[in-house]
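Engineer: Here is the input, now give the coordinates:
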Amino acid sequence: MSPLKVTQMKSVIGQKGDQKRTVKALGLKRIRHSRVHGDTPQIRGMLHKVRHLVHVEEVDE
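Structural biologist: Residues are numbered from 1 along each chain as shown. Sure thing, here's the model as predicted:
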């Protein structure tokens, strides 16, 4: 599976604490900040939890 590019699109201000921690664990620090992660079940679960705050796209290796 190809890597996933995760971009934070919305602020974590006003979100629940577990969602803030999940965004931080994904390595995102601010709006429009991006990180590339491997496509694993753990990452997919984290992305599902904060799907309303991030944008996800597949990238070529």
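Engineer: so where do the strands sit in the protein?
Structural biologist: Applying DSSP state E to the chain gives strands spanning 4-8, 34-37, 54-58.
Engineer: now, of these, which is deepest in the fold?
Structural biologist: strand 4-8 (a mean of 18; mean count of other Cβ atoms under 10 Å). Yep, even glycine has a C-beta here, placed from its N, CA and C like the rest.
Engineer: so which of the strands of the chain gets nearest residue 24?
Structural biologist: Ranking those by proximity to residue 24 (Cβ to Cβ) places strand 4-8 first, at 10.3 Å.
Engineer: the inter-axis angle of the closest one versus strand 54-58?
Structural biologist: Strand 4-8 runs at 160 degrees relative to strand 54-58, counting by axes from the mean of the first three to the mean of the last three Cα atoms, to 10 degrees.
Engineer: mean confidence for strand 4-8?
Structural biologist: Strand 4-8 shows a mean pLDDT of 98.
Engineer: Need the contact partners of that strand.
Structural biologist: If you take Cβ atoms under 8 Å, 6 or more residues apart in numbering as the criterion, strand 4-8 is touched by 23, 26, 28-39, 43, 47, 53-59.
Engineer: related to what we said a few turns ago, next, format the strands of the chain as a markdown table and append distance to residue 15.
Structural biologist: Output for those, formatted as a markdown table (distance: least, Cβ to Cβ, whole Å):
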| stretch | distance to residue 15 |
| --- | --- |
| strand 4-8 | 11 |
| strand 34-37 | 18 |
| strand 54-58 | 12 |
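Engineer: Out of those, which gets nearest to residue 19?
Structural biologist: Nearest to residue 19 among those is strand 54-58 (10.4 Å), distances taken as Cβ to Cβ.
Engineer: ok, residues contacting that closest one?
Structural biologist: 2-10, 23, 26, 28, 39, 47.
Engineer: re earlier: and the strands of the chain: which comes nearest residue 16?
Structural biologist: When the strands of the chain are compared by Cβ to Cβ, strand 54-58 sits nearest residue 16, at 15.0 Å.
Engineer: Could you export the closest one as CSV, CA atoms only?
Structural biologist: Extracted as CSV, the C-alpha positions of strand 54-58 are listed here (Å, rounded to 0.1, in the frame of the first residue of the first chain):
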residue,chain,number,x,y,z
VAL,A,54,-7.6,16.3,8.6
HIS,A,55,-7.4,15.7,4.8
VAL,A,56,-5.8,12.4,3.7
GLU,A,57,-4.4,11.5,0.3
GLU,A,58,-2.3,8.7,-1.1
